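Asks: I would like the atomic coordinates for the input below:
(chains A and B)
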Amino acid sequence: MITLPEIEIVQKHFGKAVHDVAVRSLKRATVTIDPESIVNVSRFLFKDLNFRFIIASALETDRGIEVLYHFSLDVSGLILNLQVILDKEHTEIESLTGLFEAANWIEREMHEIIGINFRNHPNLDKLISEGNWAEGVYPYRKNEQRAEGIRSENSEQ
Amino acid sequence: MNKIIPIGPYHPLQEEPELFKLYCEGEIVRDIKWETGYNHRGIEKLSESKTFDQVFFLVERVCGICSTSHPFAFANCMEEIGEIEIPARAKYIRSIIGELERIHSHLLWVGLAGHFLGYNTVFMWAWKYREPVLDLFEMITGNRNSYAMFKIGGVRRDIENYKIPGIQETLDLLKRKTNLLIGAVMDDPVIHARTKGVGVLSREDIINYAAVGPTARASGVDIDVRRDDPYAAYPLVSWKVITAQAGDVFAKAEVRLLEMLESISIIEQCLEGLKKEKEGGTEVLVKEIPEGMGTGRAEAPRGEVFHFVKTDGSNYPVRHKIRAPSYVNIATFRKACVGQTISDAAISLAAVDPCYCCTERMAVAYDIHTGEIIMNGAGLLELSVQKTLKLKS
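Replies: Sure, this is the predicted structure:
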C-alpha cells in the first residue's frame, strides 16, 4: 500500500468528509469526499498545499453523477482527483469560482452538457452550444431521451 | 458610453471562429466578453463511439498544429490504465515527434506574432524555416500534419537509422536559423517597443487562471509536464525549462524562442539514443485494456494537454475528457487586455498562441492571361507524391 503525505494531511484535516482514498501510484491518487465539503477541501489543496487546478470531468454512472476535480502538484508530478458523487435527481454543488477563476468555464460547460447546478456561480450561461441546443437536454447523460425537441427552434429556421 | 469593437467570429487576424467583444472607451479596452462554440465538434462525445485505436485518429484532429500532443496524452493515459511499458526506441521516437512539433509550432507563432505587429519580415522568415521541419515530418511520417504516429504500446512507424544524418542536417540548419531569429527579434527596438509591458500577466493571475505552458513560464511560474511528470524519453535526456519573469508579450516570445533551441538539443540526444537501440521493436503487443480510469498529460507547444479516460473493460471509452491548453490560456485574455489600447489587444491575444489550423499548402491558380488552370486536384496530388518520393530517396 502506497501512502502519500498530501493524502494523509487531507485525511487528517477532513476526517469524516473523506469517504474513500485510492492511491494508484506515487503520482496518481483519487480521494472521494462529501459533496458539501468540496469548497473547503479545494481551498485547502489550492491555498495551503499549492495544488494547481487542471480541470474537472463529469460523468454519469450507476452511482449517480460523478464529478472529478483534477488537481496537480507540479513539484512532485502528483495528480489528485477529488471525486464527489451527486444524486441524479439533485445535481447541485457549490461553485469553486470563488477560489480560482479557472473553474469558471468548466463549471459552465458541466452545467450545459450534464446538467449540474453550481451554486453561487457568477454566470451559468451556455458556453459551447448557445443557440442550437434545447434547454434541459443534456448530451452527456447516458439515458437521455432524444426523441424530440433536441434542436431548438433557433437552428430549425 | 462604451463602443463595442468585435474581433471575430471571422476576422483576418483570428483564423478560427471565436468572437471577442471589446468594450472600449476611446482607445482603452474597459471590458471583454467572448462567445465560443462556433465550431464545437463534440469530440469527447464522438470518442465514446470509437475503439481505442480509432480514438487516436480522432484526438489527432483536435488541433491542426499540435496534432501529436493529444495522441501523446491519450497514449500516456491508456498506458497508465493498462500499466504498459513501451520500448526505449518508441520512447525516443515519441519525444522526437513531440519536439519537432514544438519547433514548428513555435516558428509558426513567431511568424504570426510578427504579422500581428505589422512586421512581416519576421513572418516570412519564420515560416520559411518552418518548411524544413514540415519536410522532416513528411519524411518520417508521410504527413506534414496529423502524423498518425502513436498507438497504445508504441509508435506506428520506425525512424530507420539511415535517416538520422538527414534529420541532423536539417537540425543544423534550424539551429543556425533559430539563432538568427532570436537575434532579429530580441534586439529589434520596434519589437521591444510594441511588446514590452504589453499584455502583462502576473504570477498571481497565472495561478488564479491555472494557465499553463509558455504563458505560465513567461510569468515566472516554473511548470513543465516533461520535467514534473516525466514521460517518453524526457527523463533520459538532459535539457532545461526556460522561464522568464516579466509576464509580457516579449517574455512569452523569449520563452518560445529559447525553447526551440532546447527542443533541438533534445532531438539530437534522442537521435543518439536511437543509434544505440536496435532497429524495429517499436511497440509492445497490447491485447486488452482493463476496467479503470486514468489521467494522461503531455506538454504541447502551448502547454499541458490533459486527458481523462474511464474504461469498463470493453474496447471503447466510457468517458473521455480532454483539456487543451488554450482552454485555460484564452481565459487570461481578460487580465491581459483590459486597460490596454485596442491596438495591443490583437498581440495580447496572440501571445497565448490560440490554436490555428495549418494544413493548407498551396492554392489552385489560374493563368491571368489565358485563364487556364495551372494546377488542379490531380496535379496537386501528383506533386505531393513526387515531393514525398524525393524526400524519401
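
Asks: buried stuff in the helix of greatest length in chain A?
Replies: Across chain A, the longest stretch assigned as helix under DSSP state H is helix A:103-114. Buried residues in helix A:103-114, defined by neighbour count with 16 or more other Cβ atoms under 10 Å in any protein chain shown: A:103, A:104, A:105, A:106, A:107, A:108, A:109, A:110, A:111, A:112, A:113, A:114. C-beta here means a position set from N, CA and C on the backbone, and glycine is covered the same way.

Asks: and that helix, what does it pack onto?
Replies: Under the contact criterion of 3 or more Cβ pairs under 8 Å, 6 or more residues apart in numbering or on different chains; DSSP states H and E, helix A:103-114 touches strand A:52-61, strand A:117-119.

Asks: by how many degrees do it and strand A:52-61 diverge?
Replies: Calculated by axes from the mean of the first three to the mean of the last three Cα atoms, to 10 degrees, helix A:103-114 forms an angle of 10 degrees with strand A:52-61.

Asks: could you turn helix A:103-114 into PDB, dropping everything but the C-alphas?
Replies: The C-alpha trace of helix A:103-114 is given here as PDB (Å, rounded to 0.1, in the frame of the first residue of the first chain):
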ATOM      1  CA  ALA A 103     -13.200  26.900 -12.500                       C
ATOM      2  CA  ASN A 104     -15.400  29.400 -14.300                       C
ATOM      3  CA  TRP A 105     -15.600  27.900 -17.900                       C
ATOM      4  CA  ILE A 106     -15.500  24.300 -16.900                       C
ATOM      5  CA  GLU A 107     -18.400  24.700 -14.500                       C
ATOM      6  CA  ARG A 108     -20.500  26.500 -17.200                       C
ATOM      7  CA  GLU A 109     -19.600  23.600 -19.500                       C
ATOM      8  CA  MET A 110     -20.600  20.900 -17.000                       C
ATOM      9  CA  HIS A 111     -23.900  22.800 -16.300                       C
ATOM     10  CA  GLU A 112     -24.500  22.700 -20.000                       C
ATOM     11  CA  ILE A 113     -23.600  19.200 -21.000                       C
ATOM     12  CA  ILE A 114     -24.600  17.200 -18.000                       C
END
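
Asks: Quick check: residue B:154 touching residue B:88?
Replies: No - in this structure, residue B:154 is not within contact of residue B:88 by Cβ atoms under 8 Å, at 10.6 Å.

Asks: re earlier: and the buried residues of helix A:103-114, which two are furthest apart?
Replies: Farthest pair in these (Cβ to Cβ) is A:104 and A:114. Separation: 16.8 Å.

Asks: Other residues contacting the longest helix of chain A?
Replies: When contacts are defined by Cβ atoms under 8 Å, 6 or more residues apart in numbering or on different chains, helix A:103-114 is touched by residues A:53, A:55-56, A:58-60, A:65, A:67, A:91, A:95-97, A:116-118, A:121-129, A:133, A:138-141, B:327, B:331.

Asks: Narrow those to those that are buried.
Replies: A:53, A:55-56, A:58-60, A:65, A:67, A:91, A:95-97, A:116, A:118, A:121, A:126-129, A:133, A:138-141, B:327, B:331.

Asks: returning to what we had before: out of the buried residues of helix A:103-114, which is nearest to chain B?
Replies: Taking Cβ to the nearest Cβ as the measure, chain B lies nearest residue A:105 of the buried residues of helix A:103-114, at 6.2 Å.

Asks: how about the residue nearest to the spatial centre of chain B, what does it touch?
Replies: Nearest to the mean C-alpha position of chain B, by Cα atoms, centre = their mean, lies residue B:66 at 3.2 Å. The contact partners of residue B:66, taken as Cβ under 8 Å, 6+ apart, are B:101, B:105, B:300, B:301, B:302, B:305, B:355.

Asks: What's the per-residue pLDDT of the last one here?
Replies: If I follow you right, that is residue B:355. Residue B:355 carries a pLDDT value of 61.

Asks: what distance separates the longest helix of chain A from the middle of the whole chain?
Replies: 9 Å (Cα atoms, centre = their mean, to the nearest Å).

Asks: same check, this time on stretch B:189-197
Replies: Using Cα atoms, centre = their mean, the offset of stretch B:189-197 from its chain centre is 25 Å.

Asks: And for stretch B:292-307?
Replies: For stretch B:292-307, the distance to the chain centre is 13 Å (Cα atoms, centre = their mean).

Asks: Can you give me the first-to-last residue distance of that stretch?
Replies: The first residue of stretch B:292-307 is 14 Å away from its last residue (Cα to Cα, to the nearest Å).

Asks: touching chain A at all, that stretch?
Replies: Yes - using Cβ under 8 Å from any Cβ of the partner chain, we find that stretch B:292-307 touches chain A at B:293, B:294, B:295, B:297, B:304, B:306.

Asks: Next, work out how far apart the residue nearest the centre of chain A and chain B are.
Replies: Closest to where the C-alpha atoms of chain A average out (Cα atoms, centre = their mean) is residue A:67, at 3.7 Å. Distance of residue A:67 to chain B, given as Cβ to the nearest Cβ, to the nearest Å: 11 Å.

Asks: Among the residues of stretch B:292-307 next to chain A, which pair sits farthest apart?
Replies: B:293 and B:304 (18.6 Å).

Asks: So those two - more neighbours on which side?
Replies: A direct count of neighbours by other Cβ atoms under 10 Å in any protein chain shown for residue B:293 and residue B:304 places residue B:304 higher, at 30 against 25.

Asks: That one: what secondary structure?
Replies: Here residue B:304 is recorded as strand under DSSP: H, G, I helix; E, B strand; the rest coil.

Asks: so where's chain B uncertain?
Replies: Chain B contains residues with pLDDT under 70 at B:1, B:12-15, B:354-368, B:371, B:373-377, B:380.

Asks: what does it put close to chain A?
Replies: Near chain A, when you scan chain B using Cβ under 8 Å from any Cβ, you find B:35-37, B:40, B:42, B:44-45, B:80, B:207-210, B:223, B:228-230, B:293-295, B:297, B:304, B:306, B:308, B:310, B:318-319, B:321, B:323, B:327-328, B:331.

Asks: ok, of the residues you listed, which come out buried?
Replies: Looks like the residues of chain B next to chain A have B:35-37, B:44, B:80, B:207-210, B:223, B:228-229, B:293-295, B:297, B:304, B:306, B:308, B:310, B:318-319, B:321, B:323, B:327-328, B:331 buried, using 16+ other Cβ under 10 Å.

Asks: taking those residues one by one, which sit in strands?
Replies: Secondary structure defined by DSSP state E assigns B:35, B:293-295, B:297, B:304, B:306, B:308, B:310, B:318-319, B:321, B:323 of these to strands.

Asks: how about the strands of the chain, start to end?
Replies: Assuming you mean chain A. Counting by DSSP E, the strands of chain A are A:18-25, A:28-33, A:52-61, A:64-73, A:78-86, A:92-94, A:117-119.

Asks: Oops, wrong one, chain B.
Replies: With strands called from DSSP E, chain B shows them at B:3-7, B:19-25, B:28-35, B:150-151, B:154-155, B:291-300, B:303-312, B:317-323.
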